[in-house]
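**Student:** when you get a sec, could you give me coordinates for this:
(2 chains)
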Amino acid sequence: MSSLLPYLINGISLGLSISLVALALALIWRTVGMIDFGLGAVYLLAAYAALMAKTWFGLPYVAFMAIGLVAGPIAAVAIYGGVYRTFIRRDAALFVLVLVSLCVHIATQHGLAALLSAQKFYLLDDIIPGWEIGGTRLNAVQVAKMFLSLAILAGLSLFFLKTSTGQAIMAVADNKRLAQCMGIDVNRCYRIIYAIAGFIVAVAALPEVTESGVDPYVATTPLFLGLAAIIVGGLSAFQYPVLGAVLLGLCFHLAVWAFSSQWQDIVAYTFVILVLLARPQGLFGGMRLVRERP
Amino acid sequence: MSYAIDVLTLAAILVIATHGYMLIKGLGGLLHLGHAVFYGVGAYAAAIVSTKLLPHGSFLASLAIGGLIAAIGGLLVAWPGLRNRGRYFMIVTFAIQLIFVTFVINLHVTGGPDGISQIPGISFGLWQPDSHWLISLGPLTLTYPQIKFGLMVAFAVLSFVLCSRLIASSYGRLVRAVREDELVVEAYGREATPVKAGIVAIGAGVTGVAGALFAHHFNYVGPTQFELDTTILFLVMLIVGGQYSLAGATLGAVLMVTLLEFLRFFLDNVLGVPFEMTAHLRQVVFAVALIAMLAWRGSGIVPEKLPVYRRSRDGDATGAEHIAPSHSAVTLAAVPASRAERPTVSEMGPPVLTCSGLSKRFGGVVAVADARLSLRRGRIVSIIGPNGAGKTSTFNILSGFEQANEGEAHLNGVAILGRSTAEIARLGLARTFQDVRAWSRLTVIENLLAVQPGFGGGLAGVSAGLSTIFPGTRPEHTERAWALLDRFGLAGHANAPANALSYAQRKMLSLARISCFDPSVMLLDEPTSGVDPRRLDTFLAHIRGFADADHKAVCLIEHNMAVVKAVADEVVFMNEGRVLASGTPQEILGDRALMRVYLGHRELKAA
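**Tutor:** Have a look, this model is predicted:
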């Protein structure tokens, strides 16, 4: 049996990259009160924006990454304003919101496939530089993902604890009507929430597609893994989805260590199902929404 | 022509699968996002058994196995999601949807990514036609696809008939009651979880049969057929057609298949879109159509059809002319006895319900510190006290909604603390709710029929549901419900949905409902709050009637001292979670020290 360390490092690396999407899902879940599968559409739009900037305008890597990063929040806010807002204003039921967001994801995915074909495009033609760490090779993108995840997590907690906008968002999440009465612009708060979530998703998407290419189906797995991380970790604090994501990432790579790569998916998903069976509220905390929907 | 028949055959199969979805989501109200899994489990089960285990010609056995395995799968999926009364069901079903394909691709028995091919077509025993099979009936020649189409339509019709009987049965009504408010279902003696698990199993079973039909129709199953896109297709069919109506589900499936074929034709032949784009564009159209439908009309094209009950006179069913006008509240079965005629405590039997030393803490907050009560048949005890005195918490403990930290309670000699709400209700204790909690989208008479002592809770409920071929409500139950509606002046609204009633009428409905359940102990939580003074006498007469005519042990929480004086035989005063005093209304209401605690100085003078 080979050394455990490379698998641990790879597992944590995967976990931290899952954690970004999990964090964005958790952010919207805790504030708006919906499971936003539309973040999959945001993921795709950020990736394709970068791809378009590269292929149409021939921009350098840093420039089209920046365009992708900007496209994420814009797409998220546009989806909120164009689609979700109608339903949120009516106090639509959770199931309706989930269906709508799922449809946004599906429509975007298949729309891109129809317009730009379902084939895979690559953002980088060269091999990504990497280093030998602890018996495994980590490339620059993987290292960047780990640092970005930690930075986003720290930034998010600072935003909510220290800024007045963050406090206003928490107030809206707790009691929308009361916040409205206190003069907080709820619509603006929601736009900010979606912009932040869109940015986080773009940060998650761009390194990932740099590594593995862009096609219309790249968003489904990260979206689901993010959801699985929430299931595993629970939602009652922002660090729980991150912990859940790391556990899930470890589970994927320890499965390879213990069995074989063929069993990777089965073992990890069985772990998710077992958590659902034993502790549906997550291993660390509750799944309570801040604002309950009917 | 043969293409059209192929499409229609598939439509008939999808209709059956959408019926299964309607049962789970529409009837049961369960947020279900993994319908393609049930469809796929049925299809794979049928494919595996008919290619590997069963001899040729066992089409029906393969269908049954497909349905059964899907039903078991449904139960397994349902269990973790149902046990916790949350939104976990949605997350669980969605997770299973995404995991299912991974499992199917990685397992050997399902044929991996290649799927299972060469599944036999339709065959009964020795009759094993191949696809070129023909039969000539005089001038008419029937081909195998035509026979298959006829058979699938027959199955769809059968599914429609069975599902509508299930929906109309008393189990179907109970499922709808659970959808509206499952805690109230438990408060009236039925465990909600088996009811929900039952409807998931039935819905999954129906869908599994559809999946098995699909396997035998298409002769091939593979992982790509049961992905999230398929679930979305079912969702569009259900939501567009009308999720609360079986006819709507049928219509939605037919409509969407038509739209699918129209799009295929339109994109290929009219717009000349390249072949590889059309499948994607169809998905886009479906997703946008679903969003548009949800925005425009969330309940779909066909709304829920509530059953209409007509009363029979002397056994013969007649029309609606017997429905009494709404103001006929005069037909009271119970006339209040004057206070002098009422027996004193010493003349009465032993207490039906006793409790002592009840306490309940929420974290550091003590809601109930030391509550005690003793209720006897034919007597009305009123609990009074300021807000936060622990009155409703005491009711919650006694009815099993909250678990007490300490204390004991006995109902007819049986210890009830620690038992479930439904169990306590079956032992003979029922309660009403301050905010009524009528099952909103059940009609008024259904609100009564759903609490009738029919089949019990637990497994009996499920087995009653499985026997869908048996019709629902027994005539004597319906008659009893009509009599109660007369007594409580609601007969004119019998077939109106409960959410169409005024507040006072819903308060009255909650009295009728608890009376229909016929418990030995009634806990009434502020039965007259929000009722205008003109109607108050009617309410008081009914409450008095529960004790005097029906010989119930009645306990009510009340803030209106006039009501307390008028109906109570005994008053219990609670403050800060403790029973401070109990006695006759005169003793307690006359005690200035107590009343000062309750009302404060100024109000006391005003009173």
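**Student:** from here on, contacts and neighbour counts on C-alpha atoms
**Tutor:** Noted.
**Student:** pLDDT score for A:P207?
**Tutor:** pLDDT recorded at A:P207 is 87.
**Student:** what's near enough to touch the nearest residue to it once chain neighbours are set aside?
**Tutor:** Leaving aside its sequence neighbours, A:P207 sits nearest to A:V141 (CA to CA, 6 or more residues apart in numbering or on different chains; 5.8 Å). A:V141 makes contacts with A:128, A:207-208, A:210-211, as judged by CA atoms under 8 Å, 6 or more residues apart in numbering or on different chains.
**Student:** what comes up buried for the helix or strand hosting A:V141?
**Tutor:** Assessed by DSSP states H and E, A:V141 sits inside helix A:140-162. Applying a neighbour-count criterion of 16 or more other CA atoms under 10 Å in any protein chain shown, one finds A:141-142, A:145-146, A:148-150, A:152-153, A:156 buried in helix A:140-162.
**Student:** mean confidence score for it?
**Tutor:** Helix A:140-162 comes out at a mean pLDDT of 84.
**Student:** got the buried residues for the helix or strand that that helix is followed by?
**Tutor:** Remark: after helix A:140-162, the chain's next helix or strand is helix A:164-174, criterion DSSP H and E. Of the residues in helix A:164-174, A:165-166, A:168-174 count as buried by neighbour count, 16+ other CA under 10 Å.
**Student:** what helices or strands is helix A:164-174 leaning on?
**Tutor:** Judged by 3 or more CA pairs under 8 Å, 6 or more residues apart in numbering or on different chains; DSSP states H and E, the packing partners of helix A:164-174 are helix A:5-31, helix A:140-162, helix A:176-181, helix A:186-212.
**Student:** so how far is A:F160 from the residue nearest to A:P207?
**Tutor:** From A:V141 across to A:F160, the span is 28 Å (CA to CA, to the nearest Å).
**Student:** how about A:L225?
**Tutor:** 25 Å.
**Student:** now swap in A:L59 and tell me
**Tutor:** A:L59 is 35 Å from A:F160, by CA to CA.
**Student:** show me the contacts for B:V288.
**Tutor:** Counted by CA under 8 Å, 6+ apart, B:V288 has contacts A:103-104, A:107.
**Student:** in which helix or strand does it reside?
**Tutor:** Assigned by DSSP H and E, B:V288 belongs to helix B:275-296.
**Student:** show me what counts as buried in that helix.
**Tutor:** Residues B:277-288, B:290-291, B:293-295 are the ones in helix B:275-296 that count as buried (16+ other CA under 10 Å).
**Student:** likewise stretch B:575-591?
**Tutor:** Within stretch B:575-591, judged by 16+ other CA under 10 Å, the buried ones are B:575-579, B:582, B:584-585, B:588-589.
**Student:** among the helices and strands packed on helix A:164-174, show me which one is buried the most.
**Tutor:** helix A:5-31 (a mean of 25; mean count of other CA atoms under 10 Å in any protein chain shown).
**Student:** just checking the helix or strand following that one against chain B, any contact.
**Tutor:** Where DSSP H and E defines the elements, the next helix or strand beyond helix A:5-31 is helix A:39-57. No - Helix A:39-57 is not in contact with chain B by CA under 8 Å from any CA of the partner chain; minimum separation 12.7 Å.
**Student:** let's verify B:C355: helix, strand, or coil?
**Tutor:** Classification of B:C355 using DSSP: H, G, I helix; E, B strand; the rest coil returns strand.
**Student:** no no, B:P350
**Tutor:** coil.
**Student:** now it. Its backbone dihedrals?
**Tutor:** phi -70, psi 160 (degrees, to the nearest 10).
**Student:** surely it is in contact with B:G378?
**Tutor:** No - using CA atoms under 8 Å as the test, B:P350 is too far from B:G378 to be in contact (11.3 Å).
**Student:** in terms of neighbours, single out the busier of these two.
**Tutor:** B:G378 (23 against 14; other CA atoms under 10 Å in any protein chain shown).
**Student:** hang on, the earlier thing: of the buried residues of stretch B:575-591, which belong to helices?
**Tutor:** B:585, B:588-589 (DSSP state H).
**Student:** what's the closest of those residues to chain A?
**Tutor:** B:L589 (39.3 Å; CA to the nearest CA).
**Student:** list the residues that contact that closest one.
**Tutor:** Here B:L589 is in contact with B:M595 (CA under 8 Å, 6+ apart).
**Student:** surely B:H493 is in contact with B:N447?
**Tutor:** No - contact between B:H493 and B:N447 fails when scored by CA under 8 Å: they sit 11.7 Å apart.
**Student:** what about these two, which has more around it?
**Tutor:** B:N447 (26 against 20).
**Student:** is the more buried one in contact with B:R441, as I believe?
**Tutor:** No - look at B:N447 against B:R441 with CA under 8 Å: they stay out of range, at 9.3 Å.
**Student:** what residues are shared contacts of the two?
**Tutor:** Common neighbours of B:N447 and B:R441 (CA under 8 Å, 6+ apart) are B:A498.
**Student:** near A:V218, how many other residues are there?
**Tutor:** When neighbours are counted by other CA under 10 Å, A:V218 registers 20.
**Student:** nearest residue to it in space, please, no chain neighbours.
**Tutor:** A:L44 is the one closest to A:V218 (CA to CA, 6+ apart), at 7.4 Å.
**Student:** so who does the one you found touch?
**Tutor:** A:108-109, A:205, A:216, A:218-219 are the contacts of A:L44 under CA under 8 Å, 6+ apart.
**Student:** looking at those residues, which are in helices?
**Tutor:** A:108-109, A:205.
**Student:** pass me the low-pLDDT residue ranges in the stretch 351-500 of chain B, would you?
**Tutor:** B:453-472 (pLDDT under 70).
**Student:** strands of that one, start to end?
**Tutor:** B:353-362, B:365-375, B:380-384, B:406-411, B:414-415, B:429-431 (DSSP state E, counting those that start in this stretch).
**Student:** tell me the strands beside the fifth one, with direction?
**Tutor:** Spelled out, it's strand B:414-415. Strand pairing for strand B:414-415, using DSSP bridges, gives strand B:406-411 (antiparallel).
**Student:** give me the angle between the partner strand and strand B:365-375.
**Tutor:** Per axes from the mean of the first three to the mean of the last three CA atoms, to 10 degrees, the angle that strand B:406-411 makes with strand B:365-375 is 30 degrees.
**Student:** how about the nearest residue to A:A168, chain neighbours excluded?
**Tutor:** A:A168 sits nearest to A:I184 (CA to CA, 6+ apart), 6.9 Å away.
**Student:** domains of chain B?
**Tutor:** B:2-296, B:325-606 (automatic domain parsing).
**Student:** just those: most buried one?
**Tutor:** Most buried among the domains of chain B, counting by mean count of other CA under 10 Å: domain B:2-296, with a mean of 21.
**Student:** circling back: look up how far A:L123 lies from the residue nearest to A:V218.
**Tutor:** A:L44 sits 14 Å away from A:L123, going by CA to CA.
**Student:** which helix is the longest one in chain B?
**Tutor:** Within chain B, and with DSSP H defining each element, the longest helix by residue count is helix B:192-218.
**Student:** so the residue of the stretch 151-294 of chain A found nearest chain B is in which element?
**Tutor:** Per CA to the nearest CA, A:L277 is where the stretch 151-294 of chain A lies closest to chain B, at 5.0 Å. Using DSSP H and E, A:L277 sits within helix A:264-278.
**Student:** repeat for B:A541
**Tutor:** B:A541 belongs to helix B:533-548, assigned by DSSP H and E.
**Student:** counting by contacts, list what the next helix-or-strand element following that helix packs against.
**Tutor:** Counting by DSSP H and E, the element after helix B:533-548 in chain order, helix or strand, is strand B:553-557. For strand B:553-557, the packing partners by 3+ CA pairs under 8 Å, 6+ apart come out as strand B:365-375, strand B:380-384, strand B:521-525, helix B:533-548.
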